[in-house]
Each structure stands twice: as structure tokens, then as C-alpha cells.
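Participant: 3D model of this:
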Amino acid sequence: MIRNTAFIVLPIVTLAFAIACGAMASVSITKEGNSYNIHADAYEAVVASDGHLTNLRVAGKEFLMSGAAGSRGTCFVQKKSMVDISTVTQLDASSISAVGSDAAITYCFSDKDLTLKLANRTAQPMRFQAIIDHRITCVITSAGKPEIPFVEDAGSGSSWLQGRIQSYRTPTPSAAHLGTSSSWVLGKFEIKISGNGRLWGPWANKYQVWEADLNGSQNQEVTLSIGHLSSADAAMIANIEKGRPADYDGFSLYSPMNCQVFQRQSRYQGAILISGRTDIKCDSVEYRLSGKPLKGSLHSAWTKLALNRMDSSFVQEFPVPAGGWYKLEIRALLGNKTVYSKTVERVGVGEVFVTAGQSNSTNSAQFRSKQTSGMVSCFSGSDWQVRDDPFPGVHDHSANGSPWPSFGDAMYRRYGVPIGVASTGHGGTYVRQWTPGGELFNWTMTRIYQLGPGGFRAVLWHQGESEYRTDPDWYYSEMSRIINASKLAAGWSFPWFTAQATYHTQILTAFPAIRAAQKKLWDTGVSLEGPDTDTLTGDNRDHDGKGVHLSLKGLKAHGELWAEKVSKYLDVVLDK
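Facilitator: Numbers count the residues shown, from 1 in each chain. Next up, the predicted model:
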């Protein structure tokens with residue numbers, strides 16, 4: 001299994017990047033043109049003429065993705081721009097330095113290891129990124145937990161039902177802190193990265209990014225070690241690559257997941273999807289539900305699922321009254337004998353929402369908020385959880401307070417059904433950064449694809465605080481394009497709610513031109529009317545009223561304002 005490795009922060013030494021690593025007899029470096037080819041016992045690598053590590057191959061398999069969508073394999077990034085390190089020098093027989101005015105790196109090669117000595121030479125934060133080849137199928141975290149970060153677009157080339165099944169087979173691209181080490185699997189080998197980092201994606205639609213933060217004037221050291229995959233890890237990975245959990249016991253239940261909320265179709269009626277497969281010898285698979293619905297009663301008898309005899313899989317949707325939490329029991333029978341049983345403690349049929357926008361739609365408030373109902377579940381892209389802030393799944397990795405526990409509580413009080421929230425935003429973003437086909441748009445579309453047609457009620461959009469210099473007509477036009485493109489890409493029509501959100505400071509509490517553009521979205525039917533959060537001033541803002549984000553009082557009010565606007569629409573459509 002994977003062992004924790006300490007994250008090394010080197011002393012801040014101006015010339016650290018120029019220190020050679022010491023010659024290694026098993027390493028050879030040859031220069032071709034202005035690039036350097038490295039040959040070691042366990043790997044081959046290339047340091048390109050611009051200083052970036054563009055290739056790292058193990059047994060002929062590539063670990064890094066270079067060339068696609070402008071990727072250089074590895075790079076420093078500051079203020080969304082790649083940092084120059086184009087002065088490249090071979091220091092000795094086993095080390096190369098790449099230096100620029102703002103950053104530097106020393107590559108130290110040995111027979112099985114590659115150490116990167118990173119230096120941020122500015123006073124501002126910087127990130128170091130490695131773009132991972134999309135053919136790398138699995139990463140094992142420092143806790144020994146394997147995850148598959150790459151999954152085909154569930155919205156392409158398959159029915160929405162099959163898309164849902166695929167999204168529950170494997171974890172989907174989402175931000176995850178990997179801890180002090182992570183191991184990336186390449187066939188029978190693994191590359192272990194020792195150094196505190198995180199995984200996020202998809203970038204450019206299908207690539208994952210390993211990323212480490214460097215504060216101003218900070219040096220850090222990251223080591224990549226190549227070794228053989230252990231037989232225990234290989235067996236564990238073989239299971240999850242087949243859509244099975246790491247502790248596979250012969251029975252895979254893909255859907256429902258614990259704490260999952262299915263979108264109801266009317267006030268009192270919805271459906272749940274039950275899918276999975278078994279390697280346990282059995283004649284039949286059955287399920288039953290228990291719990292109290294919003295109206296009427298559940299059919300609580302054991303019900304057979306249609307079992308595909310070719311691969312022992314089952315996929316069926318069943319009408320279920322709105323309500324929950326329900327308990328789902330499932331069993332496999334051989335003759336009259338139960339040979340397997342499993343319970344999902346919480347399944348709901350209620351209301352599901354996708355949230356997007358900038359920081360007041362993510363976990364960016366000073367303090368975290370808590371739900372009181374226990375009926376609000378969040379979908380991260382890989383699992384469902386009933387939890388307090390921070391809500392997972394956001395693009396910006398924020399980890400403080402959000403309005404969504406308050407929103408969910410208010411919606412539950414009004415409708416009495418479980419509430420699901422898939423939060424996807426990124427703080428400090430302009431609307432131009434959400435352009436169709438771009439990274440943020442694709443991030444939100446990933447959640448929309450996963451939930452599938454009819455799988456959620458609406459998108460809740462809260463953004464505009466950054467737009468004080470934006471032309472209002474352009475803002476309206478671009479928002480219209482984003483909203484329409486999302487529906488076209490998803491293949492079905494769903495409403496967007498747009499908040500009036502332009503609060504910037506205690507002095508600049510609103511931008512009338514952008515507020516008018518947001519209202520125009522409502523007036524022209526492009527979007528439904530969201531809350532006016534510019535009204536949340538004074539002690540509704542954090543940092544004693546000085547912040548752009550919301551205090552605990554403000555978060556509660558923010559969530560309730562959203563519930564008020566959504567309820568006006570929902571009361572109409574539920575009574576149709």
C-alpha cells in the first residue's frame with residue numbers, strides 16, 4: 001500500500017535552483033537540438049528547450065500530456081498565465097536547471113526517482129501543474145484509496161439512462177486533495193508523487209491536473225518515484241476499473257447511492273433508478289423500499305428486478321412516491337435462499353439543483369454554515385453526502401461557507417422532500433470565463449450530464465460582483481449564449497434562475513447597469529428571476545460588514561432568498 005511521505009519545504013535560498021544534484025551512474029542525458037533526453041533504469045524523460053518536463057515514459061507508456069490544448073506537460077502558472085523558465089542548463093551528469101525571472105526548477109534524475117526542486121521567485125502565489133495523460137486510468141491517494149479520475153462523457157453516444165449508470169460506475173473528474181503522496185498507475189507500474197498536492201479536472205475536456213501551491217518566495221520539493229504495482233493494489237484496481245468498489249464482495253450496486261436524491265416529476269410522484277451487477281451465483285435479484293412518503297404509502301413488498309442472464313446485470317427505473325429518506329434493501333436469491341443482501345440507508349425523491357457562478361455561489365464566506373434538517377444532500381460528482389459546509393464539487397476548491405445548507409433547509413420546510421445540491425462555481429470569475437466550451441462551462445456541464453435529462457429542477461446562477469467594468473449589453477448577450485448553449489449541449493430544456501448580484505464593497509453596493517442586464521434576462525424569458533442579493537448589506541456581510549462575502553446571518557438570508565424565488569416557480573409547475 002501507499003506510505004505517507006512528508007512534504008518538504010526547502011529553505012528560501014535565492015540560488016537553490018542552481019545547485020546540482022550529484023552524478024548518477026545509471027542516468028544518461030543527451031542533448032538533441034535544444035532539448036535534453038534523459039534515460040534512467042526505470043524511465044525516460046524529456047526536458048524541452050523552454051524548460052518544461054514534457055515527457056515521462058515508463059515501459060513505453062506516457063505519464064504526462066504535452067501538446068494538447070497548449071499543454072507543456074508540466075509548468076508554473078501565475079495569474080492564469082504560464083511562467084517563463086526558458087534558460088535551460090545541464091548542471092552535471094544527472095541534473096538540469098530551467099530558470100526564468102519569476103520561477104526556476106532543478107530536475108534531479110536518478111535510476112528510479114525524479115526530484116523537482118521548485119522555486120517561486122516572486123512575492124505572489126504561484127502554482128506548479130502536471131497535466132496527466134488521459135490514458136492513465138487510476139490514482140491511489142496517500143490513504144490507500146484508489147480512484148479512477150477519467151470517465152467518458154456520460155452525455156455522448158449513449159441514452160440518458162446509460163449515461164447515469166456510467167456516472168455511478170466510477171468517480172468522475174472532481175477536485176480532490178491527494179495528501180502527501182499519490183500513486184498513478186501505468187499498467188504494471190506506478191509513479192508515486194511525494195508532495196502535497198491536489199487533483200482537479202477535466203481540463204480541456206478530458207485531462208486531469210496534479211497541482212501544488214507555492215506561496216510567495218517559497219521553494220518546494222516534489223519527488224516522482226517509479227516502481228512496480230503491488231499485487232494487492234493491482235487486484236483492488238482491477239475491481240474498480242470494472243465499475244466495482246475497492247472492497248468488492250461480488251455484488252456492485254451502481255444506483256442508487258447512499259444519500260442520493262432523485263428529481264421528482266410531480267408534487268407527489270417520481271422514480272428511482274436501480275442498477276448494478278453481480279458475480280454471485282443467483283437466480284434472481286429483488287428490492288424493497290421502506291419509509292414514509294409525502295403522500296400515501298410505499299409498495300413495501302419484495303419486487304423482482306429483471307436480471308440479464310448474459311452478464312448478471314440489472315437496470316430498471318421504478319415509480320416511487322415523492323419523499324424520504326427511504327431505506328432500500330436489495331437481495332440475491334438462489335432458489336429460496338438469500339445468498340447476498342445489501343442496504344442503502346438513505347434514498348430520496350425530491351428536488352435537485354445545480355448551482356454555478358462566482359464566490360457567493362461557492363464555499364467562500366468567512367464562516368461555515370450548517371443545515372438543521374438533515375435532509376440536504378450534496379452531489380460532488382462522485383458521491384452524495386448529507387453534510388454541512390463546505391459543499392464539495394466546486395471548481396475553485398473553496399472550503400468555507402455557502403448559502404446552500406440554508407437554501408436546502410428552507411426548501412425542505414416548504415415541501416417536505418429531500419433536497420439535492422450540485423455546486424460547481426468558481427470564485428472571482430467574470431462571465432467571459434464561462435464561455436461555452438471553456439473549462440468552467442464544461443465543469444458545470446459534467447454535473448448536468450451526470451444527473452441526466454429530468455435529473456434536476458434548475459440551474460441557480462449567482463454571479464456579477466466582478467462585472468463593474470463590463471458592458472451591460474454584452475453581459476446580457478453572453479449570459480444568453482451560455483444559458484442556451486447549456487441546454488443545447490445537454491439535449492433537454494431546463495430553467496436557469498439568475499440572481500441580481502453586483503455587491504462589491506460597502507461603498508459600491510450595486511452596479512445599476514449590470515443589475516439591469518440581469519433583469520433583462522428575466523424580462524426576455526432567457527432566465528427566471530433569482531433573488532436580489534445586493535439587498536444583503538451591513539452585518540449580512542462577513543468580516544464585520546466589510547467583506548463581499550456573507551456572514552452567517554447573511555448566508556441564512558441568502559439561502560432563504562433563493563428558496564423564496566424558486567418556490568414561486570415551483571408552486572406553479574407542481575400544480576400543473
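Participant: any chance you could map the helices in the stretch 301-450 of the chain?
Facilitator: Counting by DSSP state H, counting those that start in this stretch, the segments of the stretch 301-450 of the chain that form helices are 404-415, 439-451.
Participant: So for the longest strand along the chain, mean pLDDT?
Facilitator: Counting by DSSP state E, the longest strand found in the chain is strand 337-357. Regarding strand 337-357, the rounded mean pLDDT is 97.
Participant: repeat for stretch 445-460
Facilitator: When pLDDT is averaged over stretch 445-460, the result is 93.
Participant: how about V394, what does it touch?
Facilitator: Residues near V394 by CB atoms under 8 Å, 6 or more residues apart in numbering: 175, 362-363, 423-426. Where you see a C-beta, it was placed from the backbone N, CA and C, and this is true even at glycine.
Participant: closest to V354 among those residues?
Facilitator: Distance to V354 across the contacts of V394 (CB to CB) is lowest for T424, with 6.4 Å.
Participant: wait, isn't that closest one in contact with T444?
Facilitator: Yes - using CB atoms under 8 Å, T424 is in contact with T444, at 4.4 Å.
Participant: Which neighbours do these two have in common?
Facilitator: When contacts are counted by CB under 8 Å, 6+ apart, T424 and T444 have 354, 356 as shared neighbours.
Participant: Okay, the closest residue to G393 other than its chain neighbours and C259: tell me how far apart.
Facilitator: Of all residues not flanking G393 in the chain, S380 sits nearest, at 4.2 Å (CB to CB, 6 or more residues apart in numbering). Separation of S380 from C259 (CB to CB, to the nearest Å): 11 Å.
Participant: Tell me which of these two has more neighbours.
Facilitator: Using other CB atoms under 10 Å as the criterion, S380 and C259 rank with C259 on top: 23 against 20.
Participant: how close does the more buried one get to Q385?
Facilitator: Applying CB to CB, the value for C259 to Q385 is 6 Å.
Participant: quick one, phi psi at I226?
Facilitator: Main-chain dihedrals, I226, degrees, to the nearest 10: phi -110, psi 130.
Participant: Which strand residues bridge it?
Facilitator: I191 (DSSP bridges).
Participant: and what of D213?
Facilitator: R127.
Participant: any idea how far it is from G538?
Facilitator: Noted for D213: a distance of 34 Å to G538, by CB to CB.
Participant: do L298 as well
Facilitator: Remark: distance between L298 and G538 (CB to CB) = 47 Å.
Participant: With neighbour numbers in mind, choose between those two.
Facilitator: Higher neighbour count among L298 and G538: L298, with 15 against 12, using other CB under 10 Å.
Participant: OK, contacts around the more buried one?
Facilitator: Neighbouring residues of L298 by CB under 8 Å, 6+ apart: 289-291, 320-321, 326.
Participant: List buried residues within those residues.
Facilitator: Neighbour counting by 16 or more other CB atoms under 10 Å classes 289, 291, 320-321, 326 among the contacts of L298 as buried.
Participant: In TSV: these, plus pLDDT and distance to W404.
Facilitator: Output for the buried ones among the contacts of L298, formatted as TSV (pLDDT from 0 to 100; distance: CB to CB, whole Å):
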residue	pLDDT	distance to W404
L289	96	27
G291	96	24
V320	96	25
P321	97	25
Y326	97	23
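Participant: which one is N215 nearest to, not counting chain neighbours?
Facilitator: Leaving out its chain neighbours, the residue that sits closest to N215 by CB to CB, 6+ apart is P125, at 5.7 Å.
Participant: Same check on N540?
Facilitator: The shortest distance from N540 to any non-neighbouring residue, by CB to CB, 6+ apart, is to G554 (3.4 Å).
Participant: Is it correct that the one you found falls within a strand?
Facilitator: No - the assignment for G554 (DSSP: H, G, I helix; E, B strand; the rest coil) gives helix, which keeps it out of a strand.
Participant: Report the contact partners of it.
Facilitator: 365, 536, 539-542.
Participant: of these, closest to F314?
Facilitator: Nearest to F314 among these is A365, at 43.3 Å by CB to CB.
Participant: For the closest one, grab the count of nearby residues.
Facilitator: 28.
Participant: In the sheet, which residues pair with it? Tell me.
Facilitator: Under the criterion used here (DSSP bridges), A365 is bridged to G401.
Participant: got any ranges where this structure has weak pLDDT?
Facilitator: 1-25, 68-69, 137, 141-180, 201-206, 240-247 (pLDDT under 70).
Participant: For it, which segments are assigned as helices?
Facilitator: 160-169, 231-241, 404-415, 439-451, 472-490, 512-523, 542-545, 552-574 (DSSP state H).
Participant: Can you check what angle separates the third one from strand 337-357?
Facilitator: The directions of helix 404-415 and strand 337-357 differ by 110 degrees, with axes from the mean of the first three to the mean of the last three CA atoms, to 10 degrees as the criterion.
Participant: Show me which positions of helix 404-415 end up buried.
Facilitator: 404-412, 414-415.
Participant: Show which residues not belonging to it make contact with it.
Facilitator: 350-351, 355, 369-373, 375-376, 378, 388-389, 391, 418-419, 421, 423, 555-560, 562-564, 566-567, 570.
Participant: ok, of these, which come out buried?
Facilitator: Among the contacts of helix 404-415, those scoring as buried are 350-351, 355, 369, 371, 375-376, 378, 388-389, 391, 418-419, 421, 423, 555-560, 562-563, 566, 570 (criterion: 16+ other CB under 10 Å).
Participant: returning to that earlier point: ok, and the most crowded of the contacts of G554?
Facilitator: Greatest neighbour count in the contacts of G554, by other CB under 10 Å, goes to A365: 28 neighbours.
Participant: Surely it is in contact with H549?
Facilitator: Yes - with contact defined as CB under 8 Å, A365 counts as touching H549 (4.5 Å).
Participant: Quick check: which of the helices of the stretch 301-450 of the chain is nearest to V58?
Facilitator: The minimum distance between V58 and those falls on helix 439-451, with 28.2 Å, by CB to CB.
Participant: so how far is the closest one off the chain centroid?
Facilitator: 9 Å (CA atoms, centre = their mean, to the nearest Å).
Participant: what's it packed up against?
Facilitator: With contacts taken as 3 or more CB pairs under 8 Å, 6 or more residues apart in numbering; DSSP states H and E, helix 439-451 sits against helix 160-169, strand 189-203, strand 337-357, strand 376-379, helix 472-490.
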